[in-house]
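Participant: attaching a predicted model along with its sequence, questions to come.
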Protein chains: 2
Amino acid sequence: MDAQPGRSVTSKVLALLDAFTPASPALTLSELARRAELPLPTASRRVAELVAWGALERGDDGRYRIGLRLWEVGSLAPRGLGLRELALPTMEDLYEVTHENVQLAVRQDAELVFIERIAGRHAVPVLTRVGGRFALHATGVGLVLLAYAPAEVHEQVLAAPLERYTPLTVTDPGRLRRTLAEVRRTGYAVSDRQVTMDALSVAAPICGPEGAVVAAISLVVAQHRADPVALAPLVQAAGRTISRSLGTSYGSRRSPG
Amino acid sequence: MDAQPGRSVTSKVLALLDAFTPASPALTLSELARRAELPLPTASRRVAELVAWGALERGDDGRYRIGLRLWEVGSLAPRGLGLRELALPTMEDLYEVTHENVQLAVRQDAELVFIERIAGRHAVPVLTRVGGRFALHATGVGLVLLAYAPAEVHEQVLAAPLERYTPLTVTDPGRLRRTLAEVRRTGYAVSDRQVTMDALSVAAPICGPEGAVVAAISLVVAQHRADPVALAPLVQAAGRTISRSLGTSYGSRRSPG
DNA sequence: GCGCCTATTTCACTCAGTGAAAGGCCGGCG
DNA sequence: CGCCGGCCTTTCACTGAGTGAAATAGGCGC
């Protein structure tokens, strides 16, 4: 991934988009050039084209941000908003019953991506961000997604060192493997203070029309008032409801208008 | 926009992304090539690079879709999810009070883009789509965004013929101009059966820290049970609440973690 | 005015991208 | 089985879009 002159133009354009992260959503041209490992004139030219199309926007402060046009196109991702739109009504139902954080995530390679979150005013604050990534081995949704992932993903996750977020994070591969077997047996996952010491999450799988697990839904609640066993059926029911709506509407024609 | 060989590579890549629309979120390579006005081999090469990066994904049916990675990057757009995340709690409050559709939109040139919608199970169905565009002159959010838009946007909208969606759509430029003045006077907009004959929307502005209108929020309700004058204060209050949270958190540092 | 930083433009060079054609791949059909 | 036809990828020689170095153009402080 070094900046040899022989890089394709496309990869340069994409490297410029890659430069934007949740931690740095606004960048000057020179910052962009450095992060994308491009000479400044080249960055200037590519950025100008991206701005003309609407993929980037130049703010009043002269820094560049991701443009609305790119957000529009990105919202067409079937695993992003497509899934989201089908899941949202059920997530709202779950929120109204519990008034706790409701999260929706999918697996991307050996990480998870949060697709949607309903964060009530009175629920515990959550660290993560919609559109953000996270490791698979600690969160409730992560454990569900990992439990039903293909073997090569298991290998990949279990081979690398498991990052520790709290003293309760499972970092032993053998123990994680047993946890995953338990998740498959019961059909839900509990992550008790494995990400932060004040929260606990209960997650259940969402299956696509072919039966494969395509996403996971979870409730994140304050650890002290949590009863994971009581919450599990609620979350599982929501997961099944969304699975059913996926079965009926996924792949079928979109209603026009 | 013809396909002369002299097009820049960047524009070809972006044309491929442009090929995806809400009406056609999945395309074969040849469809992509045709829509982007590219020779098939060129499209094949560019698409391969986009797939490698994650901007596109190839489904089981062999068709290409927008990839999750592009959705992730797009979600960094400050006018997309950034605004959305600040507005969502207030939108949920408004939904819990009314149990009607709550919408959030921003203006992009002479159109509006829906950023978020809470669509309850029992609310009237809405035609529009999150991530979708719509004309400014018919919807409640559109009237608000247009009312507070710069003069050149007014010119542009009023110069072009105003599309008619229902018999009640305002298509006379003079009448629209008077409507916009009324919106600015009262601080809210009502679109009564101007988009569909069964729905009515009430919208209010959301202001950024500098006082400019950056977005609009609306309630969409069944026309027969609607009392726009009673709903207006609710929507306006929600708009002001979001404006305040924009004032405190926009531009300031994002909390880490 | 002058220095400093950042962004854009110029210019000659050259390699990434190109199209035409050939080559896989797959599924249908006689 | 073999042939066709649609669909995508690869090969190959060519060429112009993209390139870097350097010059140029803003912005800002002093």
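Facilitator: Okay, I see it.
Participant: so which strand or helix has the closest residue to DNA strand C within the stretch 51-200 of chain A?
Facilitator: Here the residue of the stretch 51-200 of chain A nearest DNA strand C is A:G62; by Cβ to the nearest atom of the strand that distance is 6.3 Å. Yep, even glycine has a C-beta here, placed from its N, CA and C like the rest. Using DSSP states H and E, A:G62 sits within no helix or strand.
Participant: try A:V202
Facilitator: In this structure, A:V202 sits in strand A:199-207 according to DSSP H and E.
Participant: packing partners for that strand?
Facilitator: For strand A:199-207, the elements it packs on are helix A:140-147, strand A:189-192, strand A:213-222, helix A:228-249, judged by 3 or more Cβ pairs under 8 Å, 6 or more residues apart in numbering or on different chains; DSSP states H and E.
Participant: in stretch A:148-159, which residues are buried?
Facilitator: A:148-149, A:153-154, A:157 (16 or more other Cβ atoms under 10 Å in any protein chain shown).
Participant: hmm, stretch A:57-64 in reach of DNA strand D?
Facilitator: No. Where contact is defined by Cβ under 7 Å from any atom of the strand, no part of stretch A:57-64 touches DNA strand D; the two come within 8.6 Å at best.
Participant: picking that back up, ok, so of the buried residues of stretch A:148-159, who is nearest A:D227?
Facilitator: Of all those, A:D227 sits closest to A:Y148, with 24.7 Å by Cβ to Cβ.
Participant: what about that closest one, distance to A:P205?
Facilitator: 6 Å (Cβ to Cβ, to the nearest Å).
Participant: repeat for A:A199
Facilitator: 21 Å.
Participant: how many other residues sit next to the residue of the stretch 51-200 of chain A closest to DNA strand C?
Facilitator: The local packing count at A:G62 equals 9, with neighbours defined by other Cβ atoms under 10 Å in any protein chain shown.
Participant: tell me the contacts of the residue nearest the centre of chain A?
Facilitator: Here the mean C-alpha position of chain A is nearest to the C-alpha of A:V113 (Cα atoms, centre = their mean), at a distance of 1.3 Å. Listed by Cβ atoms under 8 Å, 6 or more residues apart in numbering or on different chains, the contact set of A:V113 reads A:105-107, A:131-133, B:68, B:72.
Participant: so it, which of the three states?
Facilitator: State at A:V113, reduced to three classes by DSSP: H, G, I helix; E, B strand; the rest coil: strand.
Participant: which parts of chain A are helices?
Facilitator: Along chain A, the segments classed as helices by DSSP state H run A:9-18, A:29-35, A:40-53, A:68-74, A:83-98, A:140-147, A:151-159, A:173-186, A:228-249.
Participant: most tightly packed of these?
Facilitator: Sort the helices of chain A by mean neighbour count, taking mean count of other Cβ atoms under 10 Å in any protein chain shown, and helix A:140-147 sits at the top with a mean of 28.
Participant: identify all contacting residues around that one.
Facilitator: Residues lying outside helix A:140-147 but in contact with it, judged by Cβ under 8 Å, 6+ apart, are A:103-107, A:112, A:134-137, A:153-154, A:157, A:179-181, A:183-184, A:188-191, A:201-205, A:213, A:215-218, A:220.
Participant: which of the residues you listed are buried?
Facilitator: The neighbour-count test (16+ other Cβ under 10 Å) applied to these identifies A:103-107, A:112, A:134-137, A:153-154, A:157, A:179-180, A:183, A:188-191, A:201-205, A:213, A:215-218, A:220 as buried.
Participant: against DNA strand C, how distant is the residue lying closest to A:W53 once chain neighbours are set aside?
Facilitator: Computed as Cβ to Cβ, 6 or more residues apart in numbering or on different chains, the closest residue to A:W53 that is not its neighbour in sequence is B:L14, at 4.6 Å. For B:L14, the distance to DNA strand C (Cβ to the nearest atom of the strand, to the nearest Å) stands at 12 Å.
Participant: which residues sit in contact with B:L14?
Facilitator: Remark: with contacts taken as Cβ under 8 Å, 6+ apart, B:L14 is in contact with A:49-50, A:53, A:55.
Participant: among the residues you listed, pick out the one closest to A:P25, please.
Facilitator: A:A55 (14.0 Å).
Participant: for DNA strand D, what's its nearest residue on the stretch 51-200 of chain A.
Facilitator: Checking the stretch 51-200 of chain A residue by residue against DNA strand D with Cβ to the nearest atom of the strand singles out A:G62 as nearest, at 8.6 Å.
Participant: how close does the residue of chain A positioned farthest from its centre get to A:S30?
Facilitator: Relative to the average C-alpha location in chain A, and by Cα atoms, centre = their mean, no residue lies farther out than A:P41, which sits at 34.5 Å. A:P41 is 11 Å from A:S30, where distance means Cβ to Cβ.
Participant: you'd agree A:I206 is up against A:A87?
Facilitator: Yes. Taking contact to mean Cβ atoms under 8 Å, the distance of 7.2 Å between A:I206 and A:A87 places them in contact.
Participant: quick one: the residue of the stretch 101-250 of chain A found nearest chain B from B:A212, how far?
Facilitator: With Cβ to the nearest Cβ as the measure, the residue in the stretch 101-250 of chain A that lies nearest chain B is A:G131; the distance is 3.0 Å. The spacing between A:G131 and B:A212, counted by Cβ to Cβ, is 26 Å.
Participant: that older thread, mutual contacts of A:I206 and A:A87, please.
Facilitator: Shared contacts of A:I206 and A:A87, counting by Cβ under 8 Å, 6+ apart, come down to A:104, A:215, A:217, A:242.
Participant: now, which of the residues you listed sits nearest B:V124?
Facilitator: Of all those, A:I242 has the smallest distance to B:V124: 22.5 Å, by Cβ to Cβ.
Participant: for that closest one, what are its contacts?
Facilitator: Taking Cβ under 8 Å, 6+ apart, one finds A:86-87, A:90, A:206, A:215, A:217 in contact with A:I242.
Participant: if we use 10 Å, what do you get?
Facilitator: Contacts for A:I242 were tallied using Cβ atoms under 10 Å, 6 or more residues apart in numbering or on different chains; they are A:83, A:86-91, A:94, A:104, A:204-207, A:214-215, A:217.
Participant: what's the pLDDT at it?
Facilitator: Among the per-residue scores, A:I242 holds a pLDDT of 93.
Participant: coming back round to it: nearest residue to the residue of the stretch 51-200 of chain A closest to DNA strand C other than its sequence neighbours?
Facilitator: Here the nearest residue to A:G62 in space, its sequence neighbours aside, is A:T28; by Cβ to Cβ, 6+ apart that works out to 6.7 Å.
Participant: count the neighbours of that neighbour for me.
Facilitator: 12.
Participant: A:A123 now?
Facilitator: Neighbour count of A:A123, defined by other Cβ under 10 Å: 20.
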